[in-house]
Structures are given as structure tokens and as C-alpha cells.
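Student: Quick one, what's the 3D model for this:
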Amino acid sequence: MVKALLLGWTMLAFSIPHTGLADAAEAGVDKLATPDGPVILKIDGEVTAANVEEEAHFDREMLGALPQHAFTTGTPWTEGASHYRGPLMRTLLEHAGAEGNTINVAALNGYEAEIPIEDFYDYDVILALERDGQAIPIREYGPLWVLYPFDHDEALLSERMRFRAVWQVMHINVR
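Tutor: As a prediction, this is how the structure comes out:
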């Protein structure tokens, strides 16, 4: 009798996680790790990897665990050049299984910008997590900033490209 109960509990324990994965697999969605800390970024739309329903939610630790890229650049909104660090946007979108051609980036202050995904392959655009080795506070354009390496290519100095550099990022919709 005890053996039968143990076997039943074991089978139940192993069937529960598989059920959730089967549902995600049937929906064509890969499972991402679940954030442990506060969610600071949500990605939805045309994504194939998710951790909350059909969305990809990230905390700071998850974003920091992605391969990081850094550059030094000035921006039209800050004084002098600073050193910025964060995952390449193309890496982040690949991690979320993005399948669209554009993204709509929404900021905490209500600003939104549409950015063609090809920008992220033409330029080393990052989702900046740090400025000069420190987390970027909200009052200084953080905590997340879609940032182009402005000083590295004159083509990035146009008004059209500046409007794509969204600070205080909270949400990305892949289209």
C-alpha cells in the first residue's frame, strides 16, 4: 500500500510540470525562466519564448545574465560621453524568440517609438542597464534605455534615429 501511494505521488509530481510545458509547446511558445525579482521589462507580441502566459517578463538579474555589450558615447540628452553597458537588443529579442519586423517600445513616461528590428543588426544598439558602472536611476533615463552608439556612426546623429533611443523602457511589443 505504501509503495502504491509513493508511486502515485511520484507520478503526480512528474506529470504536473510536463503538463505546463506541453501546453506551452502546443501554443508554439518556449518556456523562459521565471523572474525572481521585480519585473522591469515585459516583451509581448510576436514572441516564441515566454514565462508569464504568452509574454516574456524580465527582472534585472535576467537581463544582466544575457551576454553584455558596452560602448562609450555621448547622447543629445546627457553631458559628455559616458560608458554604457547592457545586452545587445538583437540578443534580447532573439532570447525572447522575436519573429516580427518592428518593435514598439513604451516608456514609463508614456513615450512610444516604433523601431525596425533591422536597426539592431545594422548597429550595436543595447538595452542599457548601466551608465559608468552604475545602475541607471529613473531620474537619469533608467532603469532601461534603448541606446544607439551615437558617437560611432554619423548616420545615428539624425533626428529620426534620436527618436528611437527610448529611455525609461518598460514594455516592448514585437510586430
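
Student: what helices or strands is the helix or strand hosting V146 leaning on?
Tutor: According to DSSP states H and E, V146 maps onto strand 145-147. If you count contacts as 3 or more C-beta pairs under 8 Å, 6 or more residues apart in numbering; DSSP states H and E, strand 145-147 packs onto strand 81-87, strand 126-128. To be clear about C-beta, it is placed using only N, CA and C from the backbone, and glycine gets the same treatment.

Student: quick one, which of those is packed in tightest?
Tutor: Compared across the helices and strands packed on strand 145-147, strand 126-128 shows the largest average neighbour count, a mean of 26 (mean count of other C-beta atoms under 10 Å).

Student: helices or strands next to that strand in the packing?
Tutor: Right, strand 126-128 is packed against strand 68-74, strand 81-87, helix 89-95, strand 145-147 by 3+ C-beta pairs under 8 Å, 6+ apart.

Student: Which residues outside the strand holding V146 are in contact with it?
Tutor: Residues from elsewhere that reach strand 145-147 (C-beta atoms under 8 Å, 6 or more residues apart in numbering): 73, 75, 84, 86, 89, 105, 113, 115, 125-128, 136, 164-169.

Student: in it, what's buried?
Tutor: Buried residues in strand 145-147, defined by neighbour count with 16 or more other C-beta atoms under 10 Å: 145-147.

Student: Which among the helices and strands packed on strand 126-128 is found nearest to D44?
Tutor: Minimum separation from D44 across the helices and strands packed on strand 126-128 (C-beta to C-beta) falls at helix 89-95, 12.2 Å.

Student: what is the rounded mean pLDDT of the helix or strand following the closest one?
Tutor: The helix or strand immediately downstream of helix 89-95 is strand 102-107, counting by DSSP H and E. Averaged across strand 102-107, pLDDT comes to 98.
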